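K.L.:
have a look; sequence and predicted model below, questions after that.
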Amino acid sequence: MSETQKMQFHHPKTRLTRRHFLKVSATGLAAALGSLAVDLPPQQAAALLARRQSGTLRVAWGGAPVALDPINASADTEIAFLNAVYDYLIDTDARSELVPRLATDWSVSEDGLSYTLTIAEGVTFHDGSALTLDDIVWTFERLRGGGPTADLFADVESVTAGEGNTVVFTLSQPNSDFLYNLTDNHAVILKANAEAIGEEFNGTGPFRLEDYRPDRATFSANAAYFDGAPPLQTLEFFYFDSVESAVNALRGGQVDAVLRMDNATFLSLSGEGFQAQEVTTSGHDLVRLRADRAPGDDERVRQAFRLATDRQAIFERLQFGFGAIGRDSPIAPFFARYYTEDTPLPDPDPEAARALLSEAGYPGGLEMTLYVPNLADRVALAQVLAAQWEAAGIRITIEPQEEAVYYADSGWLEVDLAITPWGHRPTAQTFLDLYLKSDAVWNEAHFSDEELDGLIEIAGTSLDEDERTNAYHEIQRILIERGPIIIPYFFAQFGVMAADVSGVEVHPFAGRTRFHSAAIG
Amino acid sequence: MAHSIRSHLYVARRSWRASRARAAGRFAREIIRSPQSALGTAIVLFFFTLALFGAQIAPYTANDQSNPPRQPPTAAPIDRLRQVWEDPARLFDADTYLPGAYPFGTDTLGRDVFSRVILGASSIFRVAGFGTLIAVAVGTALGLATGYWGGLADEIMGRVFDALLALPALLIALVILGVIRGVETQPGTPQAMLADNAVLLVIALVYVPIVARVVRSSTLEIKQREFVQAAQIRGESAGYILFREIFPSVVPVLVVEAALRFSYGIFLVASLGFLGVAARPPSPDWGLMVNENRGGFYTLAPWALEYPAAAIALLVVGVNLMSDGIRRAVQKSG
């Protein structure tokens, strides 16, 4: 008997022809879509339906994870992966406020040397075992023991279990932002004596890894998550070669969300029916002049560069108004408590810049090479700066270098004039410690100013908020008066999602965006 | 007697010159006989004019960022055609023919794309043109020498060229330019001059083997001919034989090969510009312009990429069509 005949036997009243089948399913689809009352292109409509039926959220990234061992992980894709299967003690939110996660409460001793964190009850790993204080202690011993995080936790003398369900961190010297150190990307809590770290993932996180391929990672919801089971059933990360491919997949309905893209792409996605989130970050492009040798060692030359730069024009033309304008200091508007506009930034004045250069012994202007990583946005910034500085008599040769070359052999730390992109960090202190302190590992500008060093020290160790705020204000003043850096803008971080996705708050560091509250519809 | 001999020679030389001029005229007419090669020649001459007089023609300088950014083109041919289609009266309106403020629009940094395309023509012609010229000169010399004398030098050169030809031209260019870019040079020294003209020399380098091969095989065939053997019997010097007997017979093949090399050379220069190893920003190199305006910028100002890309394509097609005409003219006159 043929199939059609068999069906006729079981359903004598209907003849299940292909036409009938298509009609029924088309009507069903139309009804389902009609009930949503949305006006979407067909691929996105189909994607929406699939999302609803399966409870799956598909997120696209323009890159793929390389290192998944928490000690070495650093890229957005890697951190996002870890953030799904593991937990941090403390999180930061979009405004860099501390948010409890595994640690529900914390207190600091009077002398600032002892931090006591209360750990949540009833937390279990994916394999069923309970989270103990030993796991936390073991994780931090591992982080302190070597790798990129050894420096970060260098001032931690000991990590021990405290009374009740608490962990105590004892420091050798006060560190006003220590709690932020605990939110560091690398500080996910592992199970004590875990093996095959970076290949097997037994964490406490809201999702557990089901499948991992080069272009896709699939996670299922952890029903036993201590903070409540996630509304999603499945979370999928798709890894594309580039942001362009990821955005094309979003337009075609193959994925539901893209985090991280450049300004121009974000601008072009507006008006296409997606939900767009934009959050200002503390990430910036650092334009720096070496201050330990000619010509940058003369304060007047540094001021000439500052006067020749029109930050407003750069912000409008290159950032399209996204993010925030910079004032030549890494203390961004993002750090609302410490940011100030007390010290006026001089208006762009190429003639005055030219005069200053003359005064400093360069009547014919300057000829310099500007090194920049070969990324479209930064090369554009270099060209805009070159045109602006030309009016002040500074003639620039732009030298784009592939990132691997730019950062190789510490070339970026040696050249006189360069643009270095710096990603978002949760505290202003981090930037100061990383590239403005005299003895900072990455002091690109080789800037050594006693007053500045003193203020950075105070800001980093004082527990008195007013004293810190004052120090940060003074630092901003010094940088405007004689600093070797120009920061024209701070980036925005973008997230574009289908309209029916909720519960996702884009984090300034894209990889720290959480999906544990994400829901469809 | 002497007077009449001299005047005979004078008349002979004048008529020789006249016949050469007539031959050249016939050659040129043959090139433009077919519509395709006429079009190709027109395109190449048009861009050549741009290359020579670009600085005078272009309304703005290459790096003038003072214009409003991302302006759409004011003279897009498609738009104009559509306007005329909708309202034929516009054919008589002067505005339809005027280019407007920004015929090809402005890019994301506020630079006029029309000016940049014009100014980019000169650098492509200079680099591809001189590179091809050097390749042809050196390749011809090597091809003639190895074809005529043969021997060990021929064997060695043959193997060296085989090795160079085994690698794609783009790959060789990338490796060499990558190394040269990494070396610091003092301005004014010979090394600096080498570095500045690196792309030109690399173009020459990758095409010398091909030209030499072609000239060598042509030489091998020609040196068997009677007039060459006659010259050898007469006792003429090798230089005379190579340049007065063999070379003129090689010229037809060489001219076709040179035209072809020129078209490949343009494409190679554009590719290297796209990959960012030829010109540095903010130079108006067409390949670099295509590279800079990809990705996010493309969605906001697609014309900033499309017009330079169209210029590259048009010039390459033009040179190819012209070289077809040259080949036909060479066959007719040979």
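P.N.:
Sure, I can see it.
K.L.:
near chain B, which residues of chain A show up?
P.N.:
A:242-244, A:261-268, A:317, A:374, A:376, A:379-380, A:382-384, A:386-387, A:390, A:397-400, A:405 (CB under 8 Å from any CB of the partner chain). Just so you know, the C-beta spots here come from the backbone N, C-alpha and C atoms, and that holds for glycine as well.
K.L.:
could you list which of those residues belong to helices?
P.N.:
Judged by DSSP state H, the subset of those located in helices is A:243-244, A:263-268, A:317, A:376, A:379-380, A:382-384, A:386-387, A:390, A:405.
K.L.:
hang on, the earlier thing: can I get the buried part of the residues of chain A next to chain B as one ChimeraX selection?
P.N.:
Per 16 or more other CB atoms under 10 Å in any protein chain shown, the buried members of the residues of chain A next to chain B correspond to this ChimeraX selection:
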select /A:243,244,261,262,263,264,265,266,267,268,317,374,376,379,380,382,383,384,386,387,390,398,399,400,405
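K.L.:
now the residue in the stretch 151-300 of chain B that chain A sits nearest to, what's its secondary structure?
P.N.:
Closest contact between the stretch 151-300 of chain B and chain A, by CB to the nearest CB, is at residue B:296 (2.9 Å). Assigned with DSSP: H, G, I helix; E, B strand; the rest coil, residue B:296 falls in the helix class.
K.L.:
nearest residue to residue A:130 in space, please, no chain neighbours.
P.N.:
Distances taken as CB to CB, 6 or more residues apart in numbering or on different chains place residue A:124 nearest to residue A:130, at 5.4 Å, with adjacent residues excluded.
K.L.:
okay but the one you found is in contact with residue A:224, surely?
P.N.:
Yes - look at residue A:124 against residue A:224 with CB atoms under 8 Å: they come within range, at 5.6 Å.
K.L.:
show me where the stretch 1-150 of chain A has strands.
P.N.:
If DSSP state E, counting those that start in this stretch is used as the criterion, the strands of the stretch 1-150 of chain A fall at A:56-61, A:90-92, A:98-100, A:103-108, A:114-119.
K.L.:
the stretch 101-250 of chain B too?
P.N.:
Going by DSSP E, counting those that start in this stretch, the stretch 101-250 of chain B shows no strands.
K.L.:
that one against chain A: which residues are in contact?
P.N.:
B:108, B:109, B:110, B:182.
K.L.:
repeat that for 10 Å
P.N.:
B:107, B:108, B:109, B:110, B:111, B:178, B:181, B:182, B:184, B:187 (CB under 10 Å from any CB of the partner chain).
K.L.:
backbone phi and psi for the fourth one, please?
P.N.:
Just to be clear, that refers to residue B:110. Dihedral pair for residue B:110: phi 80, psi 20, per degrees, to the nearest 10.
K.L.:
what's it in contact with, if anything?
P.N.:
A:313, A:317, A:384, A:387, B:64, B:65, B:66, B:67, B:68, B:69, B:70, B:71 (CB atoms under 10 Å, 6 or more residues apart in numbering or on different chains).
K.L.:
if you set the cut-off to 6 Å instead, what comes out?
P.N.:
Counting by CB atoms under 6 Å, 6 or more residues apart in numbering or on different chains, residue B:110 touches B:65, B:67, B:69.
K.L.:
which of the residues you listed tops the neighbour count?
P.N.:
residue B:65 (22 neighbours; other CB atoms under 10 Å in any protein chain shown).
K.L.:
phi and psi next, for that one.
P.N.:
phi -100, psi 20.
K.L.:
ok, the one 3 residues further on next?
P.N.:
Summarising the backbone geometry of residue B:68 under the convention degrees, to the nearest 10, its torsions are phi -60, psi 130.
K.L.:
can you get me a residue count around it?
P.N.:
10.
K.L.:
what does residue B:200 give?
P.N.:
Neighbours of residue B:200 using other CB under 10 Å come to 22.
K.L.:
ok, residue A:254 next?
P.N.:
Residue A:254 is flanked by 16 other residues according to other CB under 10 Å.
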